[in-house]
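K.L.:
the following block contains a protein sequence and its predicted model.
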Amino acid sequence: MIVSAIVESKRLKIAHTHQPNSTVPMLVLWLFPKLVIEGIGEAFHFPGQVAFYNQEFPLSLRSTLTAMASVKIGIAYYLSTAMVVDGSSGSQ
């Protein structure tokens, strides 16, 4: 969250110096630190979640719940992409 706030504050400073409704001249590489931190967090979260499922659920549900965790993450990625595309292509 801190990295996201720093990048967003820099983007806003740059955006305020330019005309309204213009493209902000900022490289997409500014998103790299935020995405790396999120990826590392996800890499630690998912195996822990699967281990929890393997400990707490009955043997008959273990493979199903592991697959459902992966499907849930996939659906969340698709929905977040759809929200970004919809937000960036919406009318003003």
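P.N.:
Thanks, I have it.
K.L.:
what residues of whichever helix in the chain runs longest count as buried?
P.N.:
Identified as the longest helix of the chain according to DSSP state H is helix 62-89. For helix 62-89, the neighbour count (16 or more other Cβ atoms under 10 Å) marks 65-66 as buried. C-beta coordinates here come from the backbone N, C-alpha and C atoms, glycine included.
K.L.:
packing partners for it?
P.N.:
Here helix 62-89 touches helix 32-56, going by 3 or more Cβ pairs under 8 Å, 6 or more residues apart in numbering; DSSP states H and E.
K.L.:
now the longest helix of the chain against helix 32-56, angle please.
P.N.:
Angle of helix 62-89 versus helix 32-56, following axes from the mean of the first three to the mean of the last three Cα atoms, to 10 degrees, is 150 degrees.
K.L.:
make 53 the starting number, not 1.
P.N.:
Sounds good: first residue 53 from here, last item helix 114-141.
K.L.:
and the helix or strand of the chain with the lowest mean pLDDT, how far from the chain's centre?
P.N.:
Of all helical and strand segments in the chain, the minimum by mean pLDDT, DSSP states H and E falls on helix 114-141, at a mean of 82. Centre-to-centre, helix 114-141 and its host chain are 10 Å apart (Cα atoms, centre = their mean, to the nearest Å).
K.L.:
tell me the mean pLDDT over the strand or helix carrying Lys65?
P.N.:
In the assignment (DSSP states H and E), Lys65 maps to helix 54-68. Averaging pLDDT along helix 54-68 yields 85.
K.L.:
give me the angle between it and helix 84-108.
P.N.:
Going by the same axes, to 10 degrees, helix 54-68 makes 150 degrees with helix 84-108.
K.L.:
quick one: contacts of helix 54-68?
P.N.:
For helix 54-68, the external contacting residues (Cβ atoms under 8 Å, 6 or more residues apart in numbering) are 76-78, 82-83, 85-86, 89.
K.L.:
and the furthest pair within those residues?
P.N.:
Farthest apart among these by Cβ to Cβ are Pro77 and Ile89. That separation is 24.6 Å.
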